[in-house]
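In: Quick one, what's the 3D model for this:
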Amino acid sequence: EMRFVTGVQTCALPILNTKRYLATLLVCRSGRNQVSVWVMLAALMGAPVAMALPTYSITDLGTLGGNFSEGRDINNNGQVTGSARNGNGGIRAFSGDTNGLIDLGTLGGSVSRGNGINDNGQVTGSVINGNFESRAFIGDANGLTDLGTLGGNSSVGFDINNLGQVTGRSLNSSGVNRAFIGDASGLTDLGTLGGNFAEGFGINDNGQVVGRSRLVDGEFRGFLWDAVYGMLDLNDLVNDLTGWQSLGFAFSINDTGYITGRGITSSGVNHGFLLTPGDPVASVPEPPTFLRSEEHTSELQSRISSR
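Out: Model prediction:
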């Protein structure tokens, strides 16, 4: 049982571990009055949350005058980015909402595509310039900024955080695709896991990047990169990989360090995964380790029961 005080109320929390959810009967007393309420702690414990089935209304975002559009990313303000065909047949990156789409233009070519949008309305993606080369960009309704390359003739941006930092991939001067982190001042090569290819798919507001890279033997591995440790193989950071052959792709990381992607199970099937940050194990900085969500839930339940 856990006890806490909320204002003038004293609440006792006996813990009930059900098959699917961790629940508690919240008993609150205020004077001679007592109210008992079942509270689901699923969200706190990392277990599925019992909630009403969501329903949605749908809005057609339209096009830029042509016969095609697609949304690729949405920010916390309901702004969307993607690409749409205009009346001349060209493909343009856009930002928009239920009020319509804004053509973000190009850098001299006929094609641009939006892949990621942050909460400030800044978009990243790829644009074909006047030399028919692909460039990663940062842009908004005021225009696009070419982020350049790592020395080659191609780059593309996949995600952008709220600090305006972009990740994606770029050819270097040797013609090898490398993951990068960058902004309007230029791109930084994140290296590889030993092979000749890497690309960044997701970046959080802490500047941590996730993506995929080839090993020396050519096999793909999901990675986590940060400014302290550089590029790390996700497979080396998970406490127990029982049931998995490998984690080959990491697509997104949130600001608390949770990572999702795709891996191959021990039976050879592609499954999505969620990596949950574990507790620090040393007083000095160490590379992060992760627990799968079921293990994390059991650990938290055990801690609560012991109080």
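In: secondary structure class for the residue positioned nearest the centre of the chain?
Out: What sits nearest the mean C-alpha location of the chain, by CA atoms, centre = their mean, is S252, with 2.5 Å. Assigned state for S252: strand (three-state reduction, DSSP: H, G, I helix; E, B strand; the rest coil).
In: and the gap between it and D140?
Out: Between S252 and D140 the computed distance is 22 Å (CB to CB, to the nearest Å). C-beta: built from backbone N, CA, C; applies to glycine.
In: Same check on L163?
Out: 15 Å.
In: And Q245, by the same measure?
Out: In terms of CB to CB, Q245 sits 42 Å off from D140.
In: which of those two has more neighbours?
Out: Using other CB atoms under 10 Å as the criterion, Q245 and D140 rank with D140 on top: 17 against 14.
In: Assess the claim that that one and S95 are in contact.
Out: Yes. Look at D140 against S95 with CB atoms under 8 Å: they come within range, at 6.6 Å.
In: so what sits against both of the two?
Out: L104, G121, V123 (CB atoms under 8 Å, 6 or more residues apart in numbering).
In: Run a quick neighbour tally on the last one.
Out: V123 sits with 33 neighbouring residues when counted by other CB under 10 Å.
In: Bridged to it, which residues?
Out: I117, G139 (DSSP bridges).
In: what bridges to the closest residue to Q208 other than its chain neighbours?
Out: Among residues not flanking Q208 along the chain, D226 sits closest, at 4.7 Å (CB to CB, 6 or more residues apart in numbering). Beta-bridge partners for D226, by DSSP bridges, are G230.
In: Let me see the mean pLDDT of stretch 135-150.
Out: Throughout stretch 135-150, pLDDT has a mean value of 97.
In: next one: that stretch to chain centre, how far?
Out: Between the centre of stretch 135-150 and the centre of its chain there are 21 Å (CA atoms, centre = their mean, to the nearest Å).
In: neighbouring contacts of that stretch?
Out: With CB under 8 Å, 6+ apart, stretch 135-150 has contacts from 93, 95, 102, 104-107, 112, 121-129, 154-157, 160, 164, 166, 168, 170-173, 178, 180, 182-184, 186-187, 189.
In: Sketch out the low-pLDDT regions of the stretch 201-307 of the chain for me.
Out: When residues are selected by pLDDT under 70, those of the stretch 201-307 of the chain lie in 279-307.
In: try 90 this time
Out: 278-307 (pLDDT under 90).
In: Going along the chain, name the strands of it.
Out: 209-214, 220-226, 230-233, 244-253, 259-265, 270-277, 290-292 (DSSP state E, counting those that start in this stretch).
In: just the stretch 1-150 of the chain next, same as before
Out: 2-6, 9-13, 15-17, 22-30, 33-40, 65-74, 80-86, 91-97, 100-103, 108-117, 123-129, 134-140, 143-146.
In: one step back: measure how buried the closest residue to the residue nearest to the centre of the chain other than its chain neighbours is and give me the count.
Out: With CB to CB, 6+ apart as the criterion, S252 has its nearest non-adjacent residue at 3.9 Å, and that residue is G202. For G202, the neighbour count with other CB under 10 Å is 21.
In: Test my guess that G202 contacts D255.
Out: No. Under the criterion of CB under 8 Å, G202 is not in contact with D255, lying 11.3 Å apart.
In: Return the residues in contact with A250.
Out: F201, G202, V210, G211, R212, G222, F223, L224, L234, I259, T260, G261.
In: partners of it in the sheet?
Out: Beta-bridge partners of A250, as defined by DSSP bridges: G261.
In: again, but for G272
Out: R262.
In: Can you give me every residue that contacts it?
Out: With CB under 8 Å, 6+ apart, G272 has these contacts: T260, G261, R262, G263.
In: Tell me the buried residues within these.
Out: Neighbour-count burial (16 or more other CB atoms under 10 Å) applied to the contacts of G272 gives T260, G261, G263.
In: Return the member of the residues you listed nearest to I74.
Out: Closest approach between the buried ones among the contacts of G272 and I74, by CB to CB: T260, at 16.5 Å.
In: Can you report how many residues lie near the nearest residue to T98 once chain neighbours are set aside?
Out: Residue nearest to T98 in three dimensions, not counting chain neighbours: T59, with 4.9 Å by CB to CB, 6+ apart. Neighbourhood size, T59 [other CB under 10 Å]: 11.
In: Tell me how far T59 lies from D97.
Out: Distance, T59 to D97, by CB to CB: 9 Å.
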